[in-house]
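Enquirer: Following is a predicted model, sequence given first.
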Amino acid sequence: MLFNSLIFTVFLPLVFIIYWLTPPKFRNYFLLLASYYFYYSYNPLFLLLLIGTSAIDYLLARKIASSGKQKNKKIFLVLSLVSNLGVLFIFKYFVFAYNNTVTGLNLPYSILDQFIIPAGLSFYTFQSLSYTIDVYRGKYKANDKFSDFLLFVSFFPHMVAGPIVRYNDLMPQFKILTYFKNINWQAFATLVTWGYFKKLVIADNLNLIVTPVFNDVSSYTGFELLIAGFLFVIQVYCDFSGYSDIATGIAKLFNINLTLNWRRPLFSRSLHEFWKRNHISITTWFRDYLYIGLGGSRVSYNRWLLNIFLVFVISGFWHGANFTFIIWGALHGIFYILEILLMKRFPTVKVPACLGSFYLLGFHTITLIAFRANSFTDLRSIYNSIFCFKDNYFSTVHIQLLQDKLFFVIILFSILILFLKELNEEYAIINRNEKAYNFLKPFAYICFIVLIFILGNFSANTFIYFQF
């Protein structure tokens, strides 16, 4: 079930009404059943996988907490790691590993097709795994009810594409009695409206340009591929942050506050700043559970730089079983380290804001092309077209044939709205004038709603990060 599907417009009001009519002591049970039905609608069999992995982690966490010997704690932690990462490997990486082994060794075996990846697999396994690791580290006592833990893993607004919420941020909220009158209707309305605007008006319309280009890269000039790459930067940001906004807004209906996941990353002026603003929940997850696990900064200087590089490469591979994702992660790791070395060598030099913004957007566009490319062969072709200035390099005739001129005007208009709204959020331009802000805010969101119905793409396109 998608947030932008027709069935969800029936599902959400029913769940909301029944939840608040249910006696408080049974509400979490109902919310768990609703979350499981939400996931069941994707694929019934994958619901069993979700329940199974959650149950294993719950039992192993209790074993870790009750065990008196450190050796036994480690054994149970390893079992949790193996079960979660094993499931990820089977569904996301087995076919990749098998096919590359067959090809590399020239073995007489057939090539396999990619398995269907359960929606949100990486997100809910990471959330569940973080719990067992934290119990092992002594942060929690693992004394929760089984049903509460299942709800913690599978709460439907954020289960499929995040944000990845930590136990201490979410679990206590399930145990607090709240009332209908406490619902923050304004936060719900603004978050959901803006999230749907970003998804339906910007991301899904941009997809009508971006996808044809990346599915036929040899037919476009270097400049057209750069344009498609930049549009994908905006598309993936609006698609994913739009999902997070909608999820966070929907959670407000149940008086649940989800963690911040995006903080206007495209306004960053360096890669360091970008990764403090972009996809915050997964970035902090890799920091707390992988980077620290590798030793963090408590190692030699060269090993510290290697740890940073490994985290970026592994996080790239987390996104999908393709060499293009590894290249994307490696490029980010290399430039992140280069920024460290330059800041160390020239500590007093300050880069002009406009130059920093140009560098970040340029680098992000070039590297996100690797993220979007369908294959390594396509990526090589794209980079060859971009960096080798051939005849008619700046021609845009092919990309103009994808849609009519009015469509491109609509796209530019939508991006302009995105830019102006985020510019105001970044620098509080209108917010400084209370009267203007109080008038313009409701007027703006009414306009967003109208534009969603006029310009929105209601084809129920899946969210990009569902495949991860």
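Expert: That came through, no problem. Residues are numbered from 1 along each chain as shown.
Enquirer: secondary structure class for L2?
Expert: Put simply, L2 is coil when judged by DSSP: H, G, I helix; E, B strand; the rest coil.
Enquirer: so who does it touch?
Expert: 8, 460, 462-463 (C-beta atoms under 8 Å, 6 or more residues apart in numbering). In short, each C-beta sits where N, CA and C put it, glycine included.
Enquirer: and those residues, which are buried?
Expert: Neighbour counting by 16 or more other C-beta atoms under 10 Å classes 8, 462-463 among the contacts of L2 as buried.
Enquirer: L338 is in what secondary structure piece?
Expert: helix 323-345 (DSSP states H and E).
Enquirer: Reformat the buried ones among the contacts of L2 as TSV; add secondary structure, distance to T348 and pLDDT.
Expert: TSV is the format used below for the buried ones among the contacts of L2 (DSSP: H, G, I helix; E, B strand; the rest coil; distance: C-beta to C-beta, whole Å; pLDDT from 0 to 100):
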residue	secondary structure	distance to T348	pLDDT
F8	helix	53	90
T462	coil	48	79
F463	coil	44	78
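Enquirer: Between the contacts of L2, which sits nearest L406?
Expert: Among those, A460 lies closest to L406 (C-beta to C-beta), at 23.4 Å.
Enquirer: Give me the distance between the closest residue to that closest one other than its chain neighbours and A61.
Expert: Excluding the flanking residues, the one nearest A460 by C-beta to C-beta, 6 or more residues apart in numbering is S5, at 4.7 Å. When distance is defined by C-beta to C-beta, to the nearest Å, S5 is 34 Å away from A61.
Enquirer: who's more crowded, these two?
Expert: A61 (27 against 15; other C-beta atoms under 10 Å).
Enquirer: Now the more buried one: which helix or strand?
Expert: Going by DSSP H and E, A61 is in helix 44-66.
Enquirer: in that helix, what counts as buried?
Expert: Those buried within helix 44-66 under the rule 16+ other C-beta under 10 Å are 46-47, 49-50, 53-54, 56-65.
Enquirer: now for it, which elements pack on it?
Expert: Applying 3 or more C-beta pairs under 8 Å, 6 or more residues apart in numbering; DSSP states H and E, we find helix 44-66 packed against helix 24-40, helix 70-88, helix 121-136, helix 146-154.
Enquirer: Pick the most buried one from those.
Expert: Greatest average neighbour count among the helices and strands packed on helix 44-66 goes to helix 121-136 (a mean of 23), per mean count of other C-beta atoms under 10 Å.
Enquirer: mean confidence score for that one?
Expert: Helix 121-136 shows a mean pLDDT of 88.
Enquirer: same thing with stretch 370-379?
Expert: Stretch 370-379 comes out at a mean pLDDT of 94.
Enquirer: can you check stretch 198-212 too?
Expert: For stretch 198-212, the mean per-residue pLDDT is 95.
Enquirer: Can you point out the buried residues in it?
Expert: Under 16+ other C-beta under 10 Å, the buried positions of stretch 198-212 are 198-207, 209-212.
Enquirer: So which of the buried residues of helix 44-66 is the closest to G222?
Expert: Nearest member of those to G222, counting by C-beta to C-beta, is F46, at 41.2 Å.
Enquirer: pLDDT score assigned to the residue lying closest to that closest one once chain neighbours are set aside?
Expert: Leaving aside its chain neighbours, F46 sits nearest to P118 (4.0 Å; criterion: C-beta to C-beta, 6+ apart). Note on P118: pLDDT of 75.
Enquirer: re the thing from before, Throw the buried residues of stretch 198-212 into TSV and include distance to Q173 and secondary structure, thanks.
Expert: Output for the buried residues of stretch 198-212, formatted as TSV (distance: C-beta to C-beta, whole Å; DSSP: H, G, I helix; E, B strand; the rest coil):
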residue	distance to Q173	secondary structure
K198	26	helix
K199	26	helix
L200	29	helix
V201	31	helix
I202	31	helix
A203	29	helix
D204	32	helix
N205	36	helix
L206	35	helix
N207	35	helix
I209	40	helix
V210	37	helix
T211	38	helix
P212	43	helix
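Enquirer: Quick check: the residue nearest to F46 touching I51?
Expert: No. P118 is beyond contact range of I51, at 11.9 Å (criterion: C-beta atoms under 8 Å).
Enquirer: list the residues that contact both of the two?
Expert: Common neighbours of P118 and I51 (C-beta under 8 Å, 6+ apart) do not exist.
Enquirer: Tell me the helices and strands packed up against the lengthiest helix in the chain.
Expert: When the chain is parsed with DSSP state H, its longest helix is helix 222-252. Packed against helix 222-252 by the contact rule (3+ C-beta pairs under 8 Å, 6+ apart) you find helix 156-159, helix 185-196, helix 204-214, helix 353-372, helix 376-387, helix 397-400, helix 405-427.
Enquirer: Dump the helix-or-strand element of the chain with minimal mean pLDDT to CSV, keeping only the CA atoms.
Expert: Each helix and strand of the chain was given a mean pLDDT (mean pLDDT, DSSP states H and E); the minimum falls on helix 94-104 at a mean of 79. Extracted C-alpha coordinates of helix 94-104, given in CSV (Å, rounded to 0.1, in the frame of the first residue of the first chain):
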residue,chain,number,x,y,z
PHE,A,94,22.9,-13.2,-3.4
VAL,A,95,22.0,-12.8,-7.1
PHE,A,96,24.6,-10.1,-7.5
ALA,A,97,27.3,-12.3,-5.8
TYR,A,98,26.2,-15.4,-7.7
ASN,A,99,26.1,-13.8,-11.2
ASN,A,100,29.4,-12.0,-10.7
THR,A,101,31.1,-15.2,-9.6
VAL,A,102,29.7,-17.1,-12.6
THR,A,103,30.8,-14.4,-15.0
GLY,A,104,34.2,-13.8,-13.4
